[in-house]
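# predicted model and sequence follow; I will ask about them next.
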Amino acid sequence: MKLSRAVRAVGTTFRRRAVDLLPFYVLGASVPAVARVVVFLAAFVGYLWLQSTGRLEAFYDGIREAGLEMPEFESEEAMVEWMDAIGAILADTLTSTDAAVLGGLFVLASFVFLVLFVLLSALASAGQLAACIACLRGERGLVPGVAGVRNYWLSFLGLFVLEFLVWALVTVGVALIGGVLWLGAGGESALEVLIVVVGVLVWLLAVLVIRALFTFAPAAIVVDEVGPITALRNGIGFLRRRPVEAVFYYVVSIGVAVGFTSVLSVLFIVDVVTIVPLVTALVLTPVLDLLKTTLYGGYRDAIAPPGPAGRRLRTQLRSGVGRGVGELATFVRSTPLLHGFTVAIGLVGFWMGWVAAEPLADIVEVSIRSRVQGLIPPAFALELFGNNWLVALTTAFSGLALAIPAVVAIWFNGVNIGMLSQLEADPDVLLAFVVPHGIIEVPAIIVAGALGIHLGLVWWRSVRGRLSRVELADELERAVWVLIGIGLLLAIAAVIEAFVSPYYWRPFL
């Protein structure tokens, strides 16, 4: 396939079939939100342990006796010293049994988190690539994507494990050879440094080569419908027979990575960070996967690139936003009990956070005044929107895991707000700051949580055979439209929070 034709096919497919692809890519971005439930559970168990043994109260008493006062956030050096002092008091408070229990919880939670992350990533990747190849064949991508999760996840898991094993083998080999050479250097520092530098460079080159060899194997799984070993062999065969197309993909991928790194470094200066993972999940990753699948599928004569997109981009965006608002309103009207349940979860979390933070009220003090000092409104609005919409997206689609992560996310947000409210130095200022944007932002997050619980119920019905794949695909598509409507609300809330909330109350309070 000509490269120009491949690029046009990717652009047209993404424009025409974005809603077929995005559920699986948002699901991929939601994998950490699902896996972190284990971390939250371990932290909660650790908190209960310290509370039941009296260690928590002893820790608080130790801070009071030391007369430690929390410094201003702007003073980084003072904050580091304060945290070091807090850590020393905690170490003196804990017994060996406490350390063993907490350490065991940490190790167990880390292990389970890693296993869940890998398994869920395999499931999401299977749906992503299956949806890509279906869209490139002119089909509705959601239904084959749902089928692909079940049909290909084990092959993707095998591919992940295989790549890790190859990477580990190379790492051990480079380390052993480098160690032997380092020992044979006879204490010559210059030679030892040279060996280390060369070893690191060789290792990095090996990692890049391994990644290059495995790049087209995922596409081979869904195009050729084969297992991980055969997919790897077929992917390497594509590299040998179509080196120009493979190099083109590598150049595009590297260019995207370098470009985004440059953009991220600039955004980081103005404290804008979360917009990058948002754009990566919604645009860059699906586009690169489409390109990879287009090139490999063209090599296998397995795709039928679509024709022109038809509608103008402006018309398409306007229509999409309108449908998102409509689907949002319909979903809220049709699920009042679900939204009431979600609000109750948030209120329970708020109460738990308020109670948990009460012993800290005379130790830790936070101030909304200091947090809104020196903000750059446009950058602040962009960061708020990126963060809040990413939270909404991951809260909703993480709910596919039987609704548990969505419930935990709403509860945790309630806990966080409750603790901040309890520890706030100026409650009246906090209330004045929150109200203008909060009347939009909080309901939007509540709707995202309710959507996550709804998707969990939908998935359970699908697993039990009470919902067909087509019906499940319809629900996933509906969820994307609802989240587009939520995104519009959060964009409005972000503008208000950045340009209005920090300033309007100052003449009155």
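Great, that's in hand. Residues are numbered from 1 along each chain as shown.

# which ones are touching Leu282?
Leu22, Tyr25, Val26 (C-beta atoms under 8 Å, 6 or more residues apart in numbering). From N, CA and C alone the C-beta is placed, and that goes for glycine too.

# burial measure for the residue lying closest to Phe214 once chain neighbours are set aside, as a count.
Counting by C-beta to C-beta, 6 or more residues apart in numbering, Glu163 is the residue found nearest to Phe214 once chain neighbours are left out, at 5.0 Å. Neighbour count for Glu163, taken as other C-beta atoms under 10 Å: 17.

# repeat for Val19
18.

# can you tell me the SS state at Ser501?
Using DSSP: H, G, I helix; E, B strand; the rest coil, the structure places Ser501 in coil.

# give the contact list for it.
Here Ser501 is in contact with Val372, Phe433, Val434, Pro436, His437 (C-beta under 8 Å, 6+ apart).

# from those, which ones fall inside strands?
Within the contacts of Ser501, no residue falls in strands by DSSP state E.

# can you redo those residues as CSV with distance to Gly485, neighbour count and pLDDT?
Formatted as CSV, the contacts of Ser501 follow (distance: C-beta to C-beta, whole Å; neighbours: other C-beta atoms under 10 Å; pLDDT from 0 to 100):
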residue, distance to Gly485, neighbour count, pLDDT
Val372, 28, 16, 75
Phe433, 25, 24, 89
Val434, 22, 18, 91
Pro436, 20, 18, 92
His437, 17, 22, 93
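
# between those residues, which is nearest Leu123?
Set against Leu123, the nearest of these by C-beta to C-beta is His437 (35.7 Å).

# and the strand or helix carrying Ala357, average pLDDT?
Following DSSP states H and E, one finds Ala357 within helix 336-357. What helix 336-357 shows for mean pLDDT is 95.

# quick one: Ser30 from Ile269, how far?
Computed as C-beta to C-beta, to the nearest Å, the Ser30 to Ile269 distance reads 29 Å.

# for Glu424, see how far away the residue lying closest to Trp354 once chain neighbours are set aside is.
Nearest residue to Trp354 in three dimensions, chain neighbours excluded: Gly418, at 4.0 Å (C-beta to C-beta, 6+ apart). Look at Gly418 and Glu424: by C-beta to C-beta, they are 11 Å apart.

# can you report how many residues neighbour the nearest residue to Ala356 once chain neighbours are set aside?
In this structure, Ala356 finds its nearest non-sequential neighbour in Met419, 6.5 Å apart by C-beta to C-beta, 6+ apart. For Met419, the neighbour count with other C-beta under 10 Å is 22.

# same thing with Leu204?
That count, for Leu204 with other C-beta under 10 Å as the rule, works out to 11.

# and the pLDDT at it?
91.

# name the element it belongs to?
Going by DSSP H and E, Leu204 is in helix 189-214.

# sorry, back to before: show me what the helix holding Ala357 is packed up against.
Under the contact criterion of 3 or more C-beta pairs under 8 Å, 6 or more residues apart in numbering; DSSP states H and E, helix 336-357 touches helix 404-423, helix 427-463.

# ok, 10 Å please
helix 31-53, helix 313-334, helix 404-423, helix 427-463 (3 or more C-beta pairs under 10 Å, 6 or more residues apart in numbering; DSSP states H and E).

# buried residues, the last one. List them.
Along helix 427-463, these residues count as buried under the neighbour rule (16 or more other C-beta atoms under 10 Å): 429-430, 432-434, 436-438, 440-456, 458-459, 462.

# report the angle between that helix and helix 404-423.
170 degrees (axes from the mean of the first three to the mean of the last three C-alpha atoms, to 10 degrees).

# mind starting the numbering at 49 from now?
All right, first residue 49 from here; so that's helix 475-511.

# what's the distance between helix 475-511 and the middle of its chain?
18 Å (C-alpha atoms, centre = their mean, to the nearest Å).

# now that helix and helix 384-405, what's the angle there?
Going by the same axes, to 10 degrees, helix 475-511 makes 130 degrees with helix 384-405.

# okay, angle between helix 475-511 and helix 361-382 too, please.
Going by the same axes, to 10 degrees, helix 475-511 makes 90 degrees with helix 361-382.

# let's have the helices and strands packed on helix 384-405 in a markdown table, adding distance to Val58.
As requested, the helices and strands packed on helix 384-405 are arranged in a markdown table below (distance: least, C-beta to C-beta, whole Å):
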| stretch | distance to Val58 |
| --- | --- |
| helix 79-101 | 24 |
| helix 361-382 | 15 |
| helix 452-471 | 32 |
| helix 475-511 | 28 |
